[in-house]
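Participant: The following comprises the amino acid sequence and a computationally predicted model.
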Amino acid sequence: MILGITGGKGGTGKTVFAVNLAIAFARMGKKVAYLDCDADCPSAHIIAGTELRDREEVRSFLPHFIKEKCMKCGKCVSACEFNALYQLTGKLPELVDSLCSGCGACMIACPFGAIEESCKVIGWTYTAKKYGVEFFSGELKPSEPLSEKIVDAVKQRGLAKKHEIVIVDTAAGAHCPVVCALGGCDRALAITEPTFFGENDLKIISAVLEKLGIPYETVVNRSTISDRKIESVLEIPYDKTMVECYVDGIPIVEKYPEHQISKRILSFAKRLVE
C-alpha cells in the first residue's frame, strides 16, 4: 500500500500525524518506508528524533555550449520557457544556471549541434531509520527553482526497496511538487484542522485528489480548537502532550503508547490494513 499524506494548509500537523502513523504500522510488524517529499522543508526526521545520513546527489541537465559550432541564431533562447538563457545582439547565448529547469529544450532546438549535455547538482536525498521505520528524505539546493526533481529522486530511492507500506508525505499546498508526490499513491489521507482556512484548503486539495483519481479520506487534527465540524474518519483532539513530544523529538505513540491519541492512531492504523 502506498499511502499519500497530504493537506492543502500548512501547519495542520500533517507530518506529525504521518510519522506517528508510520510508527504505528511498524508496531504491527509491517515493513514501513516513509518518503518525506517536502523537498523545501523536510522535517519528518526531526519529529522522529533521528539524523539523516547516506547523502546522494541529485543531478539535473545543464546545457554546455560549443562555441565553435554556435551560429548565434538564438533558437535555444527562444525555446527556453524559464528564461534561463539570454543573448545580446551578435553575442553567444549566456546561461543563468540557477534558472535552468533541466528540460533540455535548448539542446533539441539547436540546429547546429552546438549544445551538449552537462549537469549540475540541484539537491540531495538521504536515508534514516528509527522505530522500525525506514525514512527517505530530500532537500532542494538553495536557489534551485524546481523541487519536483528532488521529489522524484526521493520516490525512486524509497520505492527501490520492498516495503509492505509506503507513506508519502507531501508538502503543504496544492502545487506541482504535491501532485508529483501523490502520483502512484493507492489512496490518500487529507489532514486538516477545524478552521476557516483549514476547511477552505481542504476543498482545494480534495479537488486535486479527485482529479488524480486517488481515493481519499479526511483526518481532522486539533479537532477541539473550534466548534467547526468537518466530516472525517478520524479526529485528533488538541493536547499539549503532542507539543511536548514534538519538542523532545519522540513521537507520541512511542513516548506515551497508552495516551488516548496514541490509541486512536494505533486503532486507525489497524483499520487501514484490514
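Facilitator: Structure received.
Participant: Pull up the gap between the residue lying closest to residue 108 once chain neighbours are set aside and residue 88, please.
Facilitator: Excluding the flanking residues, the one nearest residue 108 by C-beta to C-beta, 6 or more residues apart in numbering is residue 79, at 7.3 Å. C-beta: built from backbone N, CA, C; applies to glycine. Per C-beta to C-beta, to the nearest Å, residue 79 is found 18 Å from residue 88.
Participant: can you check residue 170 too?
Facilitator: 42 Å.
Participant: Could you point out the longest strand of this structure?
Facilitator: When the chain is scanned for its longest strand (criterion: DSSP state E), the result is strand 115-130.
Participant: list the buried ones in that strand?
Facilitator: 115, 120, 122-128, 130 (16 or more other C-beta atoms under 10 Å).
Participant: Tell me the one of these nearest residue 144?
Facilitator: Ranked by distance to residue 144 (C-beta to C-beta), these are led by residue 122 at 4.6 Å.
Participant: Which strands and helices lie in contact with the helix or strand hosting residue 245?
Facilitator: Per DSSP states H and E, residue 245 falls inside helix 240-248. With contacts defined as 3 or more C-beta pairs under 8 Å, 6 or more residues apart in numbering; DSSP states H and E, helix 240-248 has these neighbours: helix 252-255.
Participant: Now residue 84: closest residue in space, sequence neighbours ignored.
Facilitator: residue 99 (3.7 Å).
Participant: got the contact list for the one you found?
Facilitator: 82-84, 145 (C-beta atoms under 8 Å, 6 or more residues apart in numbering).
Participant: now these: which count as buried?
Facilitator: residue 84.
Participant: Next, the distance between the ends of stretch 126-142.
Facilitator: One end of stretch 126-142 sits 17 Å from the other (C-alpha to C-alpha, to the nearest Å).
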